[in-house]
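Asks: Kindly return the folded structure for what I paste below:
(one chain, ligands or ions: 1)
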Amino acid sequence: MKTDQSKAAFEEAKQYIPGGVNSPVRAYRAVGLTPRFIDRASGSHIWDIDGNEYIDYIGSWGPNILGAAYEPVIAAVRERAGSGLTFGAPTRQETVLAKMIIDGVEAIEKVRLVNSGTEAVMSAIRVARGYTGRDKIIKFRGNYHGHSDGLLVQAGSGLLTGATPDSAGVPSDYTKCTLLADYNDTSSVQRLFDANPGQIAAVIVEPVAANMGVVPPKPGFLADLRQLTKEQGAVLIFDEVITGFRLAYGGAGAYYGICPDMVTLGKIVGGGMPLAAYGGKKEIMDQVAPEGSVYQAGTLSGNPIAVAAGIATLTAIREDLTIYDRMEAYAAKIEQAFKEKGKNVNRVGSLLSVFMTEENVVDERSAKTSDTKKFAEYFAQMMEQGIYIAPSQFEAMFISGAHTHEDLEKTLTAISNLRA
Ligand code: HOZ
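Replies: Here you go, the predicted model:
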């Protein structure tokens, strides 16, 4: 496979952009290869600038649930763009998207649109603190909630494979209010509540962890969190930036039948444009300015083009909810093929990860027993066969509604060809 053009583009980019990329995992450091610079994508396929074609199982890290360049979404963006790219003023379409989100996600009675998952989570936590009048929050080891200061006490994804566990540049004072529990271990949460009575504003969790590889919640874990937070008067926040509109139209909350107090959304809700959202119960969301005293604002919040892409995407999903069954069936076949090859796989719906460890992966500790060198070898073999997957052990494989029977056959063949 030729990668000369990507190599040259990467060398040039490195002179002007830190590490040559605008988000660390894209630099392929964890797999020791040249990152593919992308030319275009369509449906379930993506092409790099050397002309190599791949079956795309990253899907821009989640947004492309309908496949890339889905025509009704592109048409909506084109049409809206002609009327102006940004106004910094309200539009009726923002209310349309807000209603669609509220209709779909049980926990959300009011919603604010922002630009990124990081911003959504950062804002939701501020609101939870304003609402409860408490400062401390609990997050889980190996869960990733974006790169805001208070949440980089323990990060997943790129930082799991990096040399330092935390980010430089984060003052220790900023993380003092962030307490760490173990994913899938309710007792670790209980201990933190016991040690900090009346001080915990919120528990934030990825209902399905997908930034240490895919790690499902154990039966009862989310229900326990629901009960504990209720008892303690703390806000339960589901970070559904990845799982929202992916596991079900109502996200992981609907998938597992648990209703948190707040939800953060990103990726799919913006249909491939920079849009994210946070929402929850009315009485909580009414803390947000100008209604309440928790400040949060943004020039590009509710951007008309992003809103148009979000509406078109959610409309398409709503019109054909069989997408969830189709994605699940497809993902199950891939899971099965990996298992037949002796691989350790975690899967929830259309999200899956292959772990290079013998251990059952249930939390960050077990995820970290993975052999990342073996992962790099596996990654290279998949890419050589035209299967485009995330260049890190600690990311997910995303199945979309655009993947075809032919894609599946090719992928199953690629899996069966894997050398040990
Ligand atoms: N937070 C994303 C990975 N879990 C970043 C992906 C990207 O580089 O776009």
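Asks: so who does Leu27 touch?
Replies: In this structure residue 27 is Ala, not Leu. 19-21, 35 (CB atoms under 8 Å, 6 or more residues apart in numbering). (C-beta placed from N, C-alpha, C; glycine too.)
Asks: Wait, a helix at Lys139?
Replies: No. Using DSSP: H, G, I helix; E, B strand; the rest coil, the assignment for Lys139 is strand, not a helix.
Asks: related to what we said a few turns ago, out of the contacts of Ala27, which end up buried?
Replies: 20-21, 35 (16 or more other CB atoms under 10 Å).
Asks: Pull out the buried residues from stretch 190-197.
Replies: So for stretch 190-197, counting by 16+ other CB under 10 Å, buried means 192-193, 196.
Asks: what bits of the stretch 1-150 of the chain have low per-residue confidence?
Replies: Low-confidence segments of the stretch 1-150 of the chain (pLDDT under 70): none present.
Asks: how about the residues of it that lie near the ligand?
Replies: For the stretch 1-150 of the chain, the contact set with the ligand under CB under 6 Å from any ligand atom comprises 23, 25-26, 61.
Asks: Apply 8 Å and report the result again.
Replies: 21-26, 60-61, 117, 144, 146 (CB under 8 Å from any ligand atom).
Asks: Looking at those residues, which one is closest to Tyr183?
Replies: Tyr144 (11.3 Å; CB to CB).
Asks: quick check, the closest one in a strand?
Replies: No. According to three-state DSSP, Tyr144 belongs to no strand; its state is coil.
Asks: Helix, strand, or coil at the spatially most central residue of the chain?
Replies: Centroid-nearest residue in the chain, with CA atoms, centre = their mean: Ile242, separated by 2.9 Å. Assigned with three-state DSSP, Ile242 falls in the coil class.
Asks: so what's the nearest residue to it once chain neighbours are set aside up against?
Replies: The shortest distance from Ile242 to any non-neighbouring residue, by CB to CB, 6 or more residues apart in numbering, is to Ala210 (4.5 Å). Ala210 sits next to 242-243, 351, 395-396 when contact means CB under 8 Å, 6+ apart.
Asks: Would you mind marking which of these are also close to the ligand?
Replies: Near the ligand, by the rule CB under 8 Å from any ligand atom, you find 242, 395 out of the contacts of Ala210.
Asks: which of the contacts of Ala210 count as buried?
Replies: 242-243, 351, 395-396.
Asks: Make CSV from those and add pLDDT to it.
Replies: Shown next, in CSV, are the buried ones among the contacts of Ala210 (pLDDT from 0 to 100):
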residue, pLDDT
Ile242, 98
Thr243, 98
Leu351, 98
Glu395, 98
Ala396, 98
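Asks: From the residues you listed, pick the one nearest Ala306.
Replies: For those, the nearest to Ala306 is Ile242 (18.1 Å; CB to CB).
Asks: Contacts only, for the closest one.
Replies: Counting by CB under 8 Å, 6+ apart, Ile242 touches 62, 206, 208, 210-211, 266-267, 351, 396.
Asks: which ones among those are found in strands?
Replies: Using DSSP state E to define strands, the subset of the contacts of Ile242 located there is Leu351.
Asks: out of the contacts of Ile242, which one sits closest to the ligand?
Replies: Asn211 (5.0 Å; CB to the nearest ligand atom).
Asks: so the closest one touches Gln393, yeah?
Replies: No. Asn211 lies out of contact with Gln393 (CB atoms under 8 Å); the separation is 11.4 Å.
Asks: Against Lys7, how distant is Lys14?
Replies: Separation of Lys14 from Lys7 (CB to CB, to the nearest Å) stands at 11 Å.
Asks: next one: Arg92
Replies: Arg92 is 48 Å from Lys7, by CB to CB.
Asks: and if you look at Asn52?
Replies: 13 Å.
Asks: picking that back up, let me have the contacts of Ile242 in a markdown table, extended by distance to Arg226.
Replies: Formatted as a markdown table, the contacts of Ile242 follow (distance: CB to CB, whole Å):
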| residue | distance to Arg226 |
| --- | --- |
| Gly62 | 25 |
| Glu206 | 15 |
| Val208 | 15 |
| Ala210 | 20 |
| Asn211 | 22 |
| Gly266 | 22 |
| Lys267 | 24 |
| Leu351 | 22 |
| Ala396 | 24 |
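Asks: list the contacts for Val73?
Replies: 66, 271-272, 309, 312-313, 316 are the contacts of Val73 under CB under 8 Å, 6+ apart.
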